[in-house]
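Colleague: need a 3D model of the sequence below.
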Amino acid sequence: MKTYFSGRRSATLAIIAAVAITLAGCGNGDDEDTATNTPDTEVKVDQALADKVPAAIKSAGTIKIGTDPTYAPNEFLDKDGKTVIGFEVDLFNQVAAKLGLKTEYISGKFPDIIPGVQSGKYDIGVSSFTINDDRKKVVNMISYFSAGTQWATKKDNPGQVDPNNACGKKVAVQTGTVQETDDLPVKQKACTDGGKPQIQIDPYQSQADATSAVVTGKDDAMLADSPITAYAVKQTNGQLETLGDIYDSAPYGFVVKKEEAEFAQAIADALKALITDGAYKKPLETWGVEGGAIDNPAVNP
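Modeller: Next up, the predicted model:
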């Protein structure tokens, strides 16, 4: 099972509490970009759900979304270096349209997003957050997708990497991911306890750099959330292949304030409506991540 603030990235409650205080009342930092999207015109507004949107958001007509766009295909920057795109963007645009809202994506650092939601800087967090008990203590989380961990290697696995026994291999991973903080340390301990060579963990600030390290042969393998690995394999045109099975699957969740339970339920109900009418699957199929589709969105599952 994934632990604590596991998922795309990891953090601690102490950090969240501290950052929440410093972010309260702050505007966008110099490292942030914003982009406003128009509603998905193919999705019809559900007025009963729109009536449950908090008054301030409804009055603005636009929902402010905190995201860290460095995690293709979930959320990442388009060629203009500013516009946030990805399957989560397309999916949440549908949810917003169902609620009668436009969307404004505000790029920021992953550890700052939940504190930003708590402080009111963002109305919602959409950034591949794995749902877990510790996060549910401080915010509401609405499930919309299921992801696990997946390994990849260069085609035909020239390094003969075994995900269950990668001792002595060079493994690329994005810094701060659960794969770096939770998964590889366990595998590393097994190597040490068994008297085998240690895994040479190679951390990178961006997933693109981790992927490139495997493509060029600098590293023997990589691991990341399953949709990220699948997309990397697709984008490298056969230079990479997945390795082993997906494991430690858990739901991703949209993040809203703890006191906004009615709004959280409205988002869950909007997702249910999108599943019923078939719109939900379109962005997943567009980005090739339909394997993570769910059929039971819920608040704090």
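
Colleague: okay, CA-based contacts and neighbour counts for the rest of this
Modeller: OK.

Colleague: count the residues that sit near the nearest residue to Glu180 once chain neighbours are set aside.
Modeller: Distance criterion C-alpha to C-alpha, 6 or more residues apart in numbering; nearest residue to Glu180, sequence neighbours excluded, is Val173 at 6.3 Å. Per other C-alpha atoms under 10 Å, the neighbour tally for Val173 reads 27.

Colleague: okay, Gly238: pLDDT?
Modeller: pLDDT recorded at Gly238 is 88.

Colleague: you'd agree it is up against Lys155?
Modeller: Yes: at 6.9 Å, Gly238 and Lys155 qualify as touching, with contact defined as C-alpha atoms under 8 Å.

Colleague: compare neighbour counts for the two and give me the winner.
Modeller: Lys155 (16 against 11).

Colleague: look up phi and psi at the more buried one.
Modeller: Lys155 adopts backbone torsions of phi -50, psi 140, taken as degrees, to the nearest 10.

Colleague: might you report the residue contacts of it?
Modeller: Lys155 is in contact with 238-241, counting by C-alpha atoms under 8 Å, 6 or more residues apart in numbering.

Colleague: emit the ChimeraX select command for whichever of these are buried.
Modeller: Buried residues among the contacts of Lys155 (16 or more other C-alpha atoms under 10 Å), as a ChimeraX selection:
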select :239,240,241
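
Colleague: put the alpha carbons of stretch 96-108 into CSV.
Modeller: Output in CSV follows, covering the C-alpha atoms of stretch 96-108 (Å, rounded to 0.1, in the frame of the first residue of the first chain):
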residue,chain,number,x,y,z
ALA,A,96,-16.2,22.7,-14.7
ALA,A,97,-18.5,22.9,-17.7
LYS,A,98,-21.0,20.7,-15.9
LEU,A,99,-20.9,23.1,-13.0
GLY,A,100,-21.3,26.2,-15.4
LEU,A,101,-17.7,27.4,-14.8
LYS,A,102,-14.6,28.4,-16.8
THR,A,103,-11.2,27.2,-15.6
GLU,A,104,-8.0,29.1,-14.8
TYR,A,105,-4.9,26.9,-14.3
ILE,A,106,-2.3,28.4,-12.1
SER,A,107,1.1,26.7,-12.3
GLY,A,108,2.9,26.2,-9.1
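
Colleague: got the confidence number for the residue nearest the centre of the chain?
Modeller: Centroid-nearest residue in the chain: Ser128, 1.4 Å away (criterion: C-alpha atoms, centre = their mean). We have a pLDDT of 93 for Ser128.

Colleague: which SS state does it fall under?
Modeller: Per DSSP: H, G, I helix; E, B strand; the rest coil, the secondary structure class of Ser128 is coil.
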